[in-house]
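Colleague: Predicted model and sequence below, questions to follow.
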Amino acid sequence: MKRVVTIGGGTGSYVVLRGLKEYPFSITAVISMFDSGGSSGVLRDEFGILPPGDIRRALVALSEGKRAEILRELFNFRFENGGTLKGHSFGNLFLAALSSIYGSDIEAIRKASELLDIKGQVLPVSLDNSNLHAILEDGTEIVGETNIDVPKHDGSKSIKKVFLDPPAKLFEETAEAIGKADTIIIGPGDPYTSVIPNLLVEGMREALLQSGAKKVFVCNLLSKWGETNGYVASDIADAVLSYSGLQKFDYAICNTSPMEAKLVAAYEKERKYPIQCDDKLSEYAKKIITGDFFSEADIARHDSAKIAKTISEL
């Protein structure tokens, strides 16, 4: 059974994992642990646990069995009312409770994995409590993942550097999974807040360089205000590659299917624009795979089945 490792976080990893679990792969989802906003940020501050949001999404994506659909809806349920519960997802609260019961974040993830009957495993990139920092082109320093993700500063200022403070170390089990992998998938996801934070962890660059796995980069569909304004596919690949320690990706997967004008216009209101797959992308990957990887829906999202099928054929 081929061993596949995904590196990322947020909805990007969720979409890829949902497709991959339909294939006979041994899957390990490596998830960023530096979220500082929303329900995850509150629970992180109040209980001193690792932010559970992206872990929850990965667990839900890999869940199987007869109860999978019910459990997915339950774990994704977000309280809209209720004072102190407002804004929290049930899954985040559940993981926080498991951390208290079993005395560790990693044990909480293991117990939740059992309950959800997941295919494969979900691992944090690090167990260390750290914050993401960004240095903008004008020298301004932004502290906290959520402040980079949803800029209160001038979002037109480009990001020149990101780092973790205090430093975080690669989780031992995660390093082992990377070392044994046949294929490593990096992305899609917001480069500076979902993907690159994984690469900032001490030991990650070495783990990727020592791994004999095929390295596959999945490019984003849309640009992100405050992160990738004006970027094309090669700009995102360059940014991710520069923190990975790798010379080139083995493959880059890039959507070339056009989106409906109505959908594009809706995203333009959020200052998000379709990412163009440019010729320069070949400088950052040995082989470029283009095609229709877009999900025909009312939101811009990769198609799980199409992405997974392409990866299975590599």
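Modeller: Now that the structure is in, tell me what you want to look at.
Colleague: and stretch 149-163, how far out from the chain's middle?
Modeller: On the basis of Cα atoms, centre = their mean, to the nearest Å, stretch 149-163 sits 18 Å off its chain's mean C-alpha point.
Colleague: Oops, could you answer that again for stretch 236-245 instead?
Modeller: Per Cα atoms, centre = their mean, the displacement of stretch 236-245 from the mean C-alpha position of its chain is 15 Å.
Colleague: Now tell me what touches that stretch from outside.
Modeller: Stretch 236-245 has contacts (Cβ atoms under 8 Å, 6 or more residues apart in numbering) with 162, 186-187, 191-192, 195-196, 199-200, 204-206, 208-209, 215, 217, 219-220, 228, 248-249, 252, 275, 281, 284-285. Glycine gets a C-beta too; all of them are placed from N, C-alpha and C.
Colleague: Mind listing what's buried along it?
Modeller: Using 16 or more other Cβ atoms under 10 Å as the test for burial, stretch 236-245 gives 236-241, 243-244.
Colleague: Where in this structure is the helix or strand with the lowest mean pLDDT?
Modeller: Using mean pLDDT, DSSP states H and E, helix 38-47 stands out as the lowest-scoring helix or strand of the chain, at a mean of 74.
Colleague: helix or strand right after it?
Modeller: Beyond helix 38-47 on the C-terminal side, the first helix or strand identified by DSSP states H and E is helix 53-62.
Colleague: other SSEs contacting that next one?
Modeller: helix 10-20, strand 25-31, helix 38-47, helix 68-76, helix 90-102, helix 105-116, strand 121-124 (3 or more Cβ pairs under 8 Å, 6 or more residues apart in numbering; DSSP states H and E).
Colleague: For that helix, C-alpha coordinates in PDB please.
Modeller: The C-alpha coordinates for helix 53-62 follow below in PDB (Å, rounded to 0.1, in the frame of the first residue of the first chain):
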ATOM      1  CA  GLY A  53      -9.800  23.600  14.100                       C
ATOM      2  CA  ASP A  54      -7.600  22.300  11.200                       C
ATOM      3  CA  ILE A  55      -7.200  19.000  13.000                       C
ATOM      4  CA  ARG A  56     -11.000  18.700  13.200                       C
ATOM      5  CA  ARG A  57     -11.400  19.300   9.500                       C
ATOM      6  CA  ALA A  58      -8.800  16.600   8.600                       C
ATOM      7  CA  LEU A  59     -10.400  14.100  11.000                       C
ATOM      8  CA  VAL A  60     -13.800  14.800   9.400                       C
ATOM      9  CA  ALA A  61     -12.400  14.500   5.900                       C
ATOM     10  CA  LEU A  62     -11.000  11.000   6.600                       C
END
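Colleague: ok, back up a step: got the angle for the least confident helix or strand of the chain vs helix 90-102?
Modeller: Orientation note: helix 38-47 sits at an angle of 20 degrees relative to helix 90-102 (axes from the mean of the first three to the mean of the last three Cα atoms, to 10 degrees).
Colleague: in helix 38-47, what's buried?
Modeller: 38-44.
Colleague: quick one: Gly65 is in a strand?
Modeller: No - using DSSP: H, G, I helix; E, B strand; the rest coil, the assignment for Gly65 is coil, not a strand.
Colleague: Number of residues surrounding it?
Modeller: Residues lying near Gly65 (other Cβ atoms under 10 Å) number 13.
Colleague: how close does it sit to Pro24?
Modeller: 17 Å (Cβ to Cβ, to the nearest Å).
Colleague: Kindly report the same for Gly203.
Modeller: Applying Cβ to Cβ to Gly203 and Pro24 gives a distance of 30 Å.
Colleague: for Pro52, same thing?
Modeller: Pro52 sits 29 Å away from Pro24, going by Cβ to Cβ.
Colleague: Next: Ala213.
Modeller: Taken as Cβ to Cβ, the span from Ala213 to Pro24 is 17 Å.
Colleague: more neighbours, these two?
Modeller: Using other Cβ under 10 Å, the more surrounded residue of Ala213 and Pro24 is Ala213, with 19 against 8.
Colleague: Many thanks, have a good one.
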